[in-house]
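>>> Could you work out the structure for the sequence below:
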Amino acid sequence: MKKCLYTAALGFSLSCLTLSTARADEGMYMLTDLAQQNAAAMQNLGLDLEIEDVFSPSNISIKDAIVHFGGGCTAEVISPEGLLLTNHHCGYSSIQSHSTVEHDYLTDGFWAKTREDELPCPGLTISYIDKILDVTEYTNKAIAKSKDPDGTNYLSPSFLATVAKDYAKHHKIKVTKYTELELKPFYGSNKYYLFVKTVYKDIRMVGAPPSSIGKFGADTDNWMWPRHTGDFSMFRIYAAPDGSPAEYAPTNLPLHVKKYLTINIGGVQEGDYAMIMGFPGRNWRYMISPEVRERMETANYMRHYVREARQDILMKEMKKDPAVRIYYASKYASSANYWKNAIGMNEGLTRLGIFPIKKAQADALLAYGREQGTDKYQIAYDTIASIVKKRFSSQWHSYALYEGLIRSLDFMQYAPDKVAYPAIEKRVCKKMLEMYMGYIPQEQRISIFSLIQKKYSNNLDAFVEDLFKDETLKEQFKESVKQGRKTLVEQSKTLDNAFNHAHKTWVAGIVELRKKKGLPIYPNANGTLRLTYGQIKGYSPRDGIEYLPFTTLEGVMQKEDNTEEFTVPAYLKQLYAQKDYGQYARKDGKMPVAFISNLDTTGGNSGSPVLNGKGELIGLNFDRNYEGLSGDIAYKPNTQRSIAADIRYVLFVIDKYAHAQRLIDEMTIVQE
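As a prediction, this is how the structure comes out:
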């Protein structure tokens, strides 16, 4: 029998873990753990590759075709010459930035006819992951040697950045101006991984369908199933003539990549194996019940009501003027996305019984601690619960300040001359000030509100007028917000430190217990490269309702009501009427649009490739279902689903709708 090697950090070794009883549909796994932890389960479920073909630390693998797009989404390389596929909503800000009333690419779509027509996107980057290194031992030694009176260096981004540079120098890792070193804590800061990245900065827009395809259903269908959205856009990586990363230059050439994905249009069936590789942003699977309640009543509450008030104002103005619509399109979409997420999460956390699940998880670890003769888990739990209670008012204030007076106000984000529509911004500003005053008692408000009371007698109309005319007053407002945030941070610093130490102990205990029970072990999502695997699968949201895992173009036509959200392009209707689907139709003659799987995803997985058992591209992940929004905190296998655009619909739009044959010709497409 193989002996288990225990680490000082986590008390377990993944090489000793067998997951024969683990749920294959739960988990955002580190690629470095796949060979030891997941390979057998993945292959039993339908993976028809060696695990080294999925991820290899030393050879080319699927990992090398997956990139971080713009820091917030995922994209995949689908041709030898750096052609990228991601979501329409991931490319939305780039599409918007190139749009004008005369050339409205949001409404009409965009397709570069030649390479010369591909549009540069200043500020847009993509990152390749070159290495993933377990640097736990090195980092812990650096922490132990550091002068850290507060004992917080183990979480400090600036300290960890210094450790990353030292590690790279010590281990002779080549670093250039296009290298990024990202060292992050995992499992409650019980482990550390270093990601060595190469960043490309000349990224050009190649193609995007009209919003009536790429954003079909808009806010009404967002986070919903059934779904009928062709949510994709296309970009290309450009590099210096020698293939190295470079700033934009007309002489740059398409990057000749070392790995790109083969596309399979043979179709998918319910029960088929599927996997996603991408960059999930954040989730919180190790929360205890008091933390969940805090999240619902602070962050989610403010996202719901503050964003909703701003969005109502913007939407009314966007409907009046095409130029206003184009300007605010990306801002509105970004806000609305997690506005609806917050609403759905709060509903799901209660309706789907997440609190009993969290209580059972906590009770199990506390019982385990007692069995082991230790009270450290009880102390950690009580500490976390106590701190959550103490910090509620500061959390409430922080989110009111961020959502209302920072995120919602254009002049807080941009220079004064960049505020394109002052009249609209004045209306937004007044509403945000009103909401902040309603949420925060007078004696707790930031300093600018003393001026509003004394000089303006709380007349917000007069204050806002002066605010937009007087740059000195505007700077005073900004400084007040800045100092207000700083004060809130300082107030919570001691509590946060104690919380983080308790959380570290709690997570280490959960990991140890899950290992003992043969349950999946994976860290919370934190924007780093992960893999999740499972099956194409429908679900039942409630009694008497069964959702199939597939939708077709027929559903697009059924949803059309000629509103802005559900308008179908005339040419798409013509193709539908003629059943002119080319090689992309299903065997029954219908045009597939989207499908769902039980893959475990969250924000940041947008644009991630959905791959079959051979590692071929079959879909493009773009959303989750409404019933699954609570999955950021606790996974519910019967109801959580990821939504993907069927790759056949993507190619159909490129080929038959846009007539962009040159792009199809770049790809490797199989039907097996």
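
>>> residues near the closest residue to residue 554 other than its chain neighbours, how many?
Nearest non-adjacent residue to residue 554, counting by Cβ to Cβ, 6 or more residues apart in numbering: residue 590, 6.4 Å away. Glycine gets a C-beta too; all of them are placed from N, C-alpha and C. Counted with other Cβ atoms under 10 Å, the neighbours of residue 590 add up to 16.

>>> Can you tell me the SS state at residue 590?
coil (DSSP: H, G, I helix; E, B strand; the rest coil).

>>> any idea how far it is from residue 182?
44 Å (Cβ to Cβ, to the nearest Å).

>>> again with residue 625
31 Å.

>>> if we can go back for a sec, thinking the residue nearest to residue 554 is in contact with residue 556, fair?
No - using Cβ atoms under 8 Å, residue 590 is not in contact with residue 556, being 11.4 Å away.

>>> Please pull up the helix or strand immediately following the helix or strand of the chain with the lowest mean pLDDT.
Of all helical and strand segments in the chain, the minimum by mean pLDDT, DSSP states H and E falls on helix 410-413, at a mean of 87. Next in sequence after helix 410-413, counting helices and strands by DSSP states H and E, comes helix 422-439.

>>> Let me see the mean pLDDT of that next one.
What helix 422-439 shows for mean pLDDT is 97.

>>> same deal with stretch 293-313?
The pLDDT scores in stretch 293-313 average 97.

>>> can you list contacts of that stretch?
Identification of contacts with stretch 293-313 by Cβ atoms under 8 Å, 6 or more residues apart in numbering yields 284, 287, 332, 335-336, 338-339, 341-343, 345-346, 349, 388, 392, 395-396, 398-400, 402-404, 408, 424, 427-428, 431-432, 435, 633.

>>> Spell out which residues make up each domain of this protein.
According to automatic domain parsing, the chain comprises the domains 14-60, 63-254, 263-280+525-670, 289-514.

>>> Contact partners for residue 285?
Residue 285 neighbours (Cβ under 8 Å, 6+ apart): 524, 633, 634, 635.

>>> Ok, residue 576 next?
Counting by Cβ under 8 Å, 6+ apart, residue 576 has contacts 553, 554, 556, 557, 591.

>>> What about residue 133? Give its phi and psi, please.
Main-chain torsions, residue 133, degrees, to the nearest 10: phi -120, psi 130.

>>> Just give the nearest non-adjacent residue to it, would you?
Sequence neighbours aside, residue 194 is the residue nearest to residue 133 in space, at 4.5 Å (criterion: Cβ to Cβ, 6+ apart).

>>> Surely that neighbour and residue 183 touch.
Yes - under the criterion of Cβ under 8 Å, residue 194 makes contact with residue 183 at 4.7 Å.

>>> Could you name every residue contacting both of the two?
135, 164, 167.

>>> Name the member of the residues you listed with the most neighbours.
residue 164 (26 neighbours).

>>> thought that one was touching residue 179?
No - taking Cβ under 8 Å as the definition, residue 164 is not a contact partner of residue 179, at 10.6 Å.

>>> C-terminal to the longest helix along the chain, what's the next element?
Longest helix in the chain, counting residues (DSSP state H): helix 471-517. Next in sequence after helix 471-517, counting helices and strands by DSSP H and E, comes strand 530-535.

>>> Run the chain-centre distance for that next one.
16 Å (Cα atoms, centre = their mean, to the nearest Å).

>>> Among the contacts of residue 576, which are located in helices?
553, 554, 556, 557.

>>> Residue 563 belongs to a helix?
No - going by three-state DSSP, the assignment for residue 563 is coil, not a helix.

>>> if I look at it, how far off is residue 316?
15 Å.

>>> Return the per-residue confidence for residue 1.
pLDDT at residue 1 comes out at 32.

>>> Could you do residue 158 as well?
95.

>>> so residue 75 bridges to which residues?
Residue 75 has these beta-bridge partners by DSSP bridges: residue 67.

>>> Against residue 246, how distant is it?
19 Å.

>>> So if I had to pick from these two, which one is more boxed in?
residue 75 (31 against 18).

>>> wait, what's in contact with that one?
For residue 75, the contacting residues are 66, 67, 68, 69, 84, 85, 86, 90, 126, 235, 607, by Cβ under 8 Å, 6+ apart.

>>> how about 7 Å then?
67, 69, 84, 85, 86, 126, 607 (Cβ atoms under 7 Å, 6 or more residues apart in numbering).

>>> same thing with residue 318?
Counted by Cβ under 7 Å, 6+ apart, residue 318 has contacts 324, 325, 328, 332.

>>> In strands, which of the contacts of residue 75 appear?
Those of these mapping onto strands are 67, 69, 84, 85, 86, 126, per DSSP state E.

>>> Could you give me the buried positions within the helix or strand containing residue 131?
Using DSSP H and E, residue 131 sits in strand 126-134. For strand 126-134, a neighbour-count test (16 or more other Cβ atoms under 10 Å) marks 126, 127, 128, 129, 132, 133, 134 as buried.

>>> Next: stretch 291-306.
291-296, 298-306.

>>> quick one: which of the residues you listed is nearest residue 250?
residue 303 (42.5 Å; Cβ to Cβ).

>>> How is that closest one assigned, secondary-structure-wise?
Residue 303 ends up helix, using three-state DSSP.

>>> Weed out the non-buried ones from the contacts of residue 285.
Neighbour-count burial (16+ other Cβ under 10 Å) is assigned, among those, to 524, 633, 634, 635.

>>> Name all residues that make contact with the second one.
By Cβ under 7 Å, 6+ apart, the residues touching residue 633 are 284, 285, 287, 292, 349, 354.
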